[in-house]
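Undergrad: Here is the input, now give the coordinates:
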Amino acid sequence: MKKNISNILIGLILSGLIIPFFVTIFYSRTADLVTGLFVDIAVLGAIVLFYIVYCFIERRKNYRRNLIITIGGVVLLFFLTYGFQLDAANYVFYKQREESLNQFAQDIKQYGKIREMTDGKISRKTINNSLYEFTEKEVLNQYSPVVYLYKDLLEKLEIDEQVHSKFREKLLENSFMSFETFKDGTISFTIGGMLDNCYGFAYSETGEHPMYNDCGKIIRWEKVAGNWYAWGTT
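TA: Presented below is the predicted three-dimensional model:
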């Protein structure tokens, strides 16, 4: 009976050790930072609890020693390979959306009138760096000196509402918060981040490393595939 319980606990511990790798590679580009940290802390707590129970059941010191060495080794491996995991996460994110991303980039280039926009869900709603709100009440509640009513801004910028709505849907569909277009035609998409520490993807036909985007100074610029690059700011 004890042997069966020990084997179950070992299985649970080993499964728990794999979860952070899985979450980083498949969900770090779409889940927020708080959720990711919560999952990692919860898994670590569960592993510690399972190991304590295992020590009560398994009296052979060499078995307990080998298991704690395995746990420590996998945790160390996680941190040593974290950069590679993020590279894999970027590639997985791209491959899951490849067709949609390429079509979206071409649509932005062909339409040409929308150089910057947010998804309309975050607090700062912008089109071509002009603030807007959807209702007159929301406009009056804003502290910024110039805030447009949504339809008025579209009319001022001569932007088709259907096209803008389509672009909003594409941002949400691809887990982006916003995009902006640079002078060389590069399109920078923001996935998430805090304050000036953001990360995202960019479509660039030149491949040149931009110095800044709307989030800050770009310190990381890595090719993912084709004309797509992963970027990160300070």
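Undergrad: CA atoms for contacts and neighbours, from now on please.
TA: Noted.
Undergrad: where along the chain do the strands fall?
TA: 116-118, 126-127, 130-133, 148-149, 178-181, 187-194, 197-203, 212-213, 216-225, 228-233 (DSSP state E).
Undergrad: What is the third one packed up against?
TA: In terms of contacts (3 or more Cα pairs under 8 Å, 6 or more residues apart in numbering; DSSP states H and E), strand 130-133 is packed against strand 148-149, helix 150-157.
Undergrad: Please compute how far the first one lies from its chain's middle.
TA: So that's strand 148-149. 30 Å (Cα atoms, centre = their mean, to the nearest Å).
Undergrad: Could you number the chain from 17 rather than 1 from now on?
TA: Renumbered: residue one is now 17, and that last one reads strand 164-165.
Undergrad: partners of it, with directions?
TA: strand 146-149 (parallel) (DSSP bridges).
Undergrad: State the mean pLDDT of the partner strand.
TA: Strand 146-149 carries an average pLDDT of 94.
Undergrad: roughly how far is it from the heart of the chain?
TA: 25 Å.
Undergrad: Could you list the buried residues of stretch 183-192?
TA: 183-184, 186-188, 190-192 (16 or more other Cα atoms under 10 Å).
Undergrad: Same question for stretch 237-247.
TA: 237-240, 244-247.
Undergrad: Spatially central residue for the chain, please.
TA: residue 45 (2.8 Å; Cα atoms, centre = their mean).
Undergrad: hang on, that residue packs against residue 110?
TA: No. Using Cα atoms under 8 Å, residue 45 makes no contact with residue 110, being 10.0 Å away.
Undergrad: ok so, going back, what pLDDT does the residue nearest to the centre of the chain get?
TA: Value for residue 45, per-residue pLDDT: 87.
Undergrad: same thing with residue 18?
TA: Residue 18 is given a pLDDT of 71.
Undergrad: again, but for the one 4 residues further on
TA: pLDDT, residue 22: 90.
Undergrad: Low-confidence stretches in the chain?
TA: For the chain, the stretches flagged by pLDDT under 70 are 17, 211-212.
Undergrad: can we see that at 80?
TA: For the chain, the stretches with pLDDT under 80 are 17-19, 47-49, 138-139, 158-160, 209-212, 250.
Undergrad: Columns distance to residue 120 on top of the strands of the chain, output as CSV?
TA: Formatted as CSV, the strands of the chain follow (distance: least, Cα to Cα, whole Å):
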stretch, distance to residue 120
strand 132-134, 13
strand 142-143, 17
strand 146-149, 22
strand 164-165, 26
strand 194-197, 11
strand 203-210, 10
strand 213-219, 10
strand 228-229, 19
strand 232-241, 16
strand 244-249, 12
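Undergrad: Start and end of stretch 150-164, how far apart?
TA: 9 Å (Cα to Cα, to the nearest Å).
Undergrad: what's in contact with it?
TA: Stretch 150-164 is contacted by residues 146-149, 165-167 when judged by Cα atoms under 8 Å, 6 or more residues apart in numbering.
Undergrad: just stretch 76-85 next, same as before
TA: Contacts of stretch 76-85 (Cα under 8 Å, 6+ apart): 70-71, 74.
Undergrad: and if you look at stretch 110-118?
TA: So stretch 110-118 is in contact with 190, 240-241, going by Cα under 8 Å, 6+ apart.
Undergrad: Among the residues you listed, which one sits closest to residue 172?
TA: Among these, residue 190 lies closest to residue 172 (Cα to Cα), at 27.9 Å.
Undergrad: how far away is that closest one from residue 119?
TA: In terms of Cα to Cα, residue 190 sits 11 Å off from residue 119.
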